[in-house]
Structures are given as C-alpha cells and as structure tokens.
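S.K.: The following block contains a protein sequence and its predicted model.
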Amino acid sequence: MLRDNLNDLIALAAVAEERSFTRAAARLNVSQSALSHTIKGLEERLGLRLLTRTTRSVAPTLEAEDLLATITPCFEKIEARLKALNDSRDQPTGTVRIVATDYAADTILWPKLSPVLKQHPSVNLEIVMDYGYTDLASSQCDAGVRYGDQVSDGMISMRIAQDDRMICVGSPEYFEQAGRPDVPHDLETHRCINLRLSNHGALYAWEFEDENGHEIRVKVSGQVCFNTIQPVLTAARDGHGLALVPEGLAKTHLEAGTLETCLDSYCPSFPGFHLYYPSRQRPSSAFQVVLDALRERG
C-alpha cells in the first residue's frame, strides 16, 4: 500500500510540474492512459480531487498543492542522496568509525590512514579508543581492531599488521635495585605496572608460555596502574617497576637503552592486529578506502 502511494505521488508531482498528462507520461516513460488511471486511483483512495482538467491544461487543486508542498522537498532530498551515492563511486564519501586501542591507533591506523585521508577529503574518520571487547552494533562502530586470536566468530577478519608479542621490560635502574625475575611467577615479588581493562574493570593478567607451549598466567601488583598502554611504558622507563607491553611499542626505548627485557624465553609471538567487521556489512565507498589502505601486504 505504501509503495503504491509513493509511486502514485511521484506521478502526481510529475503531472503538476509539467501541467500536462502527455509530457508527464513521456517523462515517466508510461502511457498517458496508464498515468491517468494512476491519478484516478490515488484520488479515489484519498477521497479528494487532486487535478483540475480542462481541454487545454491540467492544474493541481488546492488540496494537491498542499500535499505537494509537503512531499516535494522529501523527494528532492531522496534524489540528492541517491545522486550523492552514485557520485561516491568515483569520489568516496562518508564516515568510518573504528574502535581500537591507542597502541593500534598510533602504530597502525593513523600511519596508514593519514595519507589516504588527504587523498580523499570527503572521507571522514573517527577512532574510538577502548581496551574492552566492544560490541560494534551498540557502539555504532563500523569496525574494530583486535589481535587475530581475539576476533569473535561471525566477523570478517583482515590482517593489518605482522605478528607481535608482549615482552616484559624494566629500566636498568630497576633491575639494578630489584634484580631480574628468572621465571614468570617471580613477578609476584616484583613491583609491576598494571593495566586495567575497560570492559569489566579487571586488571590484565600477564600471560606467558613455558617451553612446552603451556600458558602461564600471573597476577601482578605494584604502586601504579593505568587503563591505556602508553603510560604503562612511560612508568616502566621511569623506574616504577616492570611492565608487559607490545614489543613494537618498546622498540625505540630498547634501542636507546632506557629499557631492558627479561623473561624473553617465556614471551611467544601471537597473531598481530586484525580489522574486524560484520560479515553482513556491505562496505560503503568510504569503508572500502579504509580497507584498501589497511590491508597488510607481505
């Protein structure tokens, strides 16, 4: 019923604008008799006369003019939006919202997307920082970034970075004062810098593996705690304790000698960052630009 009314209203608008059944029929690519039947059916359903017909012309009634004043702007907006969508095939347009950790945003998303945004000024990007396992639908995000082994079923997953590993680091001053742990459970007697997860407020349990691939989880304690990873690294560099951080994040500090590693043999590699998004999602032109820019090559 609604679809029929919409089609009939489009026909009414064409007749009112052309002031002629002949010209309106040609514009709509229908026969004049079919167009006349359409308008008659609309008038019968509404119980109103919508057009005043003479041998020389046709004009909308006052009721029809009032109706057209309401619906014509809506049709124009729809036409404009459809045109914009069509144009976006050549000029990508739209907003892409991605949820990620600050580490992923700083090291992967921004370096890869910054130059692309300059090439496509009509593509807008919003990055939401979150360490929790954010539900894309409830957060109104188009995609998220997680390590590859953390992506849930039902999502399309695309690698955007090489494999990574979490390493245990501390400052030279800290190791000089407190010594080095030999096995993961030695961390229970060390000052450690905690990371609090935002999804349920729990402290991140440090994860390691023994030589047989068995998981070792250690709950650590210390004087300071953060909910993002960058200040964890800074606190470790400043001598406040040991930290478990992504190797890529600590690389420059390790090279500079302001941080040193421990427990290396217990820190295995794991799948690097992946972009994930719903399998039912049909990529918009803007999202396709983001996908192409982030896709890991080699």
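M.R.: Looks like it came in fine. As the structure is a computational prediction, the values presented were derived from the model and not from experiment.

S.K.: Now do the helices in the stretch 151-298 of the chain.
M.R.: For the stretch 151-298 of the chain, the helices defined by DSSP state H, counting those that start in this stretch cover 172-178, 229-237, 247-256, 285-294.

S.K.: So which of those helices is nearest E209?
M.R.: Distance to E209, taken as Cβ to Cβ, is lowest for helix 247-256 among the helices of the stretch 151-298 of the chain, at 14.9 Å. From N, CA and C alone the C-beta is placed, and that goes for glycine too.

S.K.: Show me what the closest one is packed up against.
M.R.: strand 166-170, helix 229-237 (3 or more Cβ pairs under 8 Å, 6 or more residues apart in numbering; DSSP states H and E).

S.K.: mind checking which of the helices of the stretch 151-298 of the chain is nearest N7?
M.R.: Comparing the helices of the stretch 151-298 of the chain by Cβ to Cβ, helix 285-294 comes nearest, at 28.6 Å.

S.K.: What about the spatially closest residue to G257 that is not a sequence neighbour, how many residues nearby?
M.R.: Spatial nearest neighbour of G257, chain neighbours left out: P172 (7.1 Å); criterion: Cβ to Cβ, 6 or more residues apart in numbering. Counted with other Cβ atoms under 10 Å, the neighbours of P172 add up to 12.

S.K.: Which strands or helices does the helix or strand hosting C74 pack on?
M.R.: For C74, the element it lies in under DSSP states H and E is helix 62-87. In terms of contacts (3+ Cβ pairs under 8 Å, 6+ apart), helix 62-87 is packed against helix 2-18.

S.K.: If we go by neighbour counts, what in the helix or strand following the helix it packs on is buried?
M.R.: Next helix or strand after helix 2-18 toward the C-terminus (DSSP H and E): helix 21-28. By neighbour count on 16 or more other Cβ atoms under 10 Å, the buried set for helix 21-28 is 21, 24-25, 28.

S.K.: Isn't V58 up against A14?
M.R.: No: applying Cβ atoms under 8 Å as the test, V58 and A14 come out as separate, 11.2 Å apart.

S.K.: tell me the phi and psi of the residue located most distally from the centre of the chain?
M.R.: Largest separation from the mean C-alpha position in the chain: T55, at 59.3 Å (Cα atoms, centre = their mean). Torsion angles at T55 (phi, psi; degrees, to the nearest 10) stand at phi -70, psi -20.
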